[in-house]
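Q: Fold the following for me, if possible:
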Amino acid sequence: MTINLNRRHFLSASAFAAGFASLPASLRAAQTGPLAWGPVQQTMQGFIDSKYVPGAVAAIGRGTEAPIFLSTGALAFDNPAPVAEDSLFRAYSMTKPITGMAAMMLIEDGKLKLDQNIADFLPGFANPRVLTDPEKSLDARAASGPITIRNLLTHTAGLGYTIVTKGPLLDAYVKLGITPASASRRPLPGQPNVPTAPSLAEFADRLATLPLVADPGTVWSYSVSLDLLGRIIELASGMSFDAFLQQRIFAPLGMTSTWFQVPQSEMKRLTTNYFGAPFGTFPIDPGTDSVFFDKPAFPFGGAGLVTSPRDYDRFLAMLMGEGAIGDRRIMKVETARLAMSNLAPPGARMESFVKGQGFGAGGRVTIAPRDNGEGLGTFGWGGAASTIGWVDRTRGIRASGWSQIMTMGNQPFTESFGKAVYQSLSV
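A: This is a model prediction of the structure:
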């Protein structure tokens, strides 16, 4: 079901809510239509009315039932075409759970092992080294142990990321093109204008020459680990990484609008991405002149996909179905459950992550009660352009929220969206 939001709708929604509150709880719980998501609708419309973003879409489903799509606004501030569930959004790090599930499928196939040394596939990582003084030099000592597949899945490998790493290691990452993401065809202020490593194989080889920020398995540190995992998926499967995703995940799930390179023919569906700064908001990647129409240096398993809310909801529905959507199963129940469990190594320090959260196959896992209403075992992740998606099997809900704005700190849209979803459940 789809509903496009406008002011008239909100007046009727408010009237509905007043009467809805007087219904018995059993009847209230039975309401699953668009008006049951009033707080989500109001939250999204607020961001449009304030001109924070030009458009927003939500996809929400109970269990594995068909989703409800809510949409409001336009593809861009200068393009009045309405945004909808088939509009295209830059998923960025919401790519990571997809890569994580791909690796779990290969574990199920017996081609990978969760605690396997990645040097079995990438010999350059046979003797990892760890920085001794990260702020001053690249001097390093021998690591206390090997990097494993588990470490890559959970950001506990000790690898860096240009969005968080500092000092000489950051300079080395930039110099070697360890920059697996695309933002714009135009140079951006404060961003290095250095080519990314030209292939996934070269990316892995260059990364292997650099020291780690911590011993493998000891600290959660956001990283390029899911990008590196893409190379291991290639070597383990005998297929290119993007072909593996297409054959084993996208095609079986009916995800027909998910790409690393958007076809020019789909230009009319692509949103514009913005940057929100204290002095104002400006476009960095117009939907009509996007870097995502260009072939990337390689398929970025950590931040490379463009998708639609409809497509990504099918991925989330598969997770909610513990490996299946309808009669299409792409992984065993036990594999899906393992993937969405806390896979972080015992004893790994998570201080730099959110309290009460563990990490599964490319996404966070709720492992302690939270005051936002999330159920234990909730699994998901967000993206740099203010997108978010998760499955909450305890509460029986899956949801994703989509806008397109990068920020310098917190993401007001995704934070407000998550709160609104659970507020709707408590009405």
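
Q: contacting residues for the nearest residue to Ala368 once chain neighbours are set aside?
A: Leaving aside its sequence neighbours, Ala368 sits nearest to Gly356 (C-beta to C-beta, 6 or more residues apart in numbering; 3.7 Å). All C-beta spots, glycine's among them, are computed from the backbone N, C-alpha and C. By C-beta atoms under 8 Å, 6 or more residues apart in numbering, the contact list for Gly356 reads 366-370.

Q: Please apply the same query to Trp390.
A: By C-beta under 8 Å, 6+ apart, Trp390 lies in contact with 316, 363, 378-381, 398-400, 418.

Q: likewise Thr43?
A: Thr43 makes contact with 416-417, 419-420 under the criterion C-beta under 8 Å, 6+ apart.

Q: what's the helix or strand for it?
A: When elements are assigned from DSSP states H and E, Thr43 belongs to helix 38-49.

Q: now swap in Phe69 and tell me
A: Secondary structure from DSSP H and E places Phe69 in strand 68-76.

Q: In terms of secondary structure, what does that strand contact?
A: Using 3 or more C-beta pairs under 8 Å, 6 or more residues apart in numbering; DSSP states H and E, the elements in contact with strand 68-76 are strand 2-4, helix 38-49, strand 55-62, strand 79-82.

Q: For the first one, what does the pLDDT average out to?
A: Same thing as strand 2-4. Confidence over strand 2-4, taken as the mean pLDDT, stands at 53.

Q: returning to that earlier point: by neighbours, which of the contacts of Gly356 wins?
A: When neighbours are counted by other C-beta atoms under 10 Å, Thr366 leads those with 22 neighbours.

Q: Report how many residues lie close to the nearest residue to that one once chain neighbours are set aside.
A: Closest residue in space to Thr366, ignoring its immediate chain neighbours: Thr378 at 4.1 Å, by C-beta to C-beta, 6+ apart. When neighbours are counted by other C-beta under 10 Å, Thr378 registers 24.

Q: Can you tell me which helix or strand of the protein has the lowest average pLDDT?
A: Of the helices and strands making up the chain, the lowest-confidence element is helix 25-30, at a mean of 30, by mean pLDDT, DSSP states H and E.

Q: which one of the helices and strands packed on strand 68-76 has the lowest average pLDDT?
A: Across the helices and strands packed on strand 68-76, the stretch with the lowest average pLDDT is strand 2-4; it has a mean of 53.

Q: Pro346 and Phe413: what is the separation?
A: According to C-beta to C-beta, to the nearest Å, Pro346 stands 35 Å off from Phe413.

Q: Show me which of these two is the more surrounded one.
A: For Pro346 versus Phe413, neighbours defined as other C-beta under 10 Å are more numerous around Phe413 (27 against 6).

Q: need the contact list for that one.
A: The contact partners of Phe413, taken as C-beta under 8 Å, 6+ apart, are 47, 52-53, 56, 386, 401, 403, 405.

Q: picking that back up, mean confidence for the strand holding Phe69?
A: Confidence over strand 68-76 (mean pLDDT, whole number) is 98.

Q: Now the residue most central in space within the chain: closest residue in space, sequence neighbours ignored.
A: Of all residues in the chain, the one closest to the mean position by C-alpha atoms, centre = their mean is Met94, 1.3 Å from it. With C-beta to C-beta, 6+ apart as the criterion, Met94 has its nearest non-adjacent residue at 4.4 Å, and that residue is Gly383.

Q: so how far is Phe125 from the nearest residue to Pro128 once chain neighbours are set aside?
A: In this structure, Pro128 finds its nearest non-sequential neighbour in Ala143, 4.1 Å apart by C-beta to C-beta, 6+ apart. For Ala143, the distance to Phe125 under the criterion C-beta to C-beta works out to 10 Å.

Q: How about Ser182?
A: For Ser182, the distance to Phe125 (C-beta to C-beta) stands at 26 Å.

Q: Gly287 now?
A: In this structure, Gly287 lies at 39 Å from Phe125, with C-beta to C-beta as the measure.

Q: more crowded one of these two?
A: Summary of the neighbour comparison: Gly287 and Phe125, criterion other C-beta under 10 Å, with Gly287 having more neighbours (25 against 22).

Q: Got phi/psi on Ile233?
A: As for Ile233, its main-chain torsions (degrees, to the nearest 10) stand at phi -60, psi -40.

Q: ignore the last one, Ala66
A: Per-residue torsions, Ala66: phi -60, psi 140 (degrees, to the nearest 10).

Q: Give me the neighbour count for Gly167.
A: Close neighbours of Gly167, defined as other C-beta under 10 Å, add up to 16.

Q: what do you get for Thr258?
A: By other C-beta under 10 Å, the residues close to Thr258 number 24.

Q: Does it touch Phe250 like I think?
A: Yes: contact between Thr258 and Phe250 holds when scored by C-beta atoms under 8 Å: they sit 5.4 Å apart.

Q: so what sits against both of these two?
A: For the pair Thr258 and Phe250, residues contacting each of them under the criterion C-beta under 8 Å, 6+ apart are Asp311.

Q: now the contacts of Gly356 as a markdown table including distance to Trp37, pLDDT and secondary structure?
A: Below are the contacts of Gly356 laid out as a markdown table (distance: C-beta to C-beta, whole Å; pLDDT from 0 to 100; DSSP: H, G, I helix; E, B strand; the rest coil):
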| residue | distance to Trp37 | pLDDT | secondary structure |
| --- | --- | --- | --- |
| Thr366 | 21 | 97 | strand |
| Ile367 | 27 | 96 | coil |
| Ala368 | 27 | 93 | coil |
| Pro369 | 24 | 90 | coil |
| Arg370 | 20 | 86 | coil |
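
Q: Dump those to a markdown table, plus distance to Thr394.
A: A markdown table is the format used below for the contacts of Gly356 (distance: C-beta to C-beta, whole Å):
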| residue | distance to Thr394 |
| --- | --- |
| Thr366 | 9 |
| Ile367 | 12 |
| Ala368 | 13 |
| Pro369 | 11 |
| Arg370 | 11 |
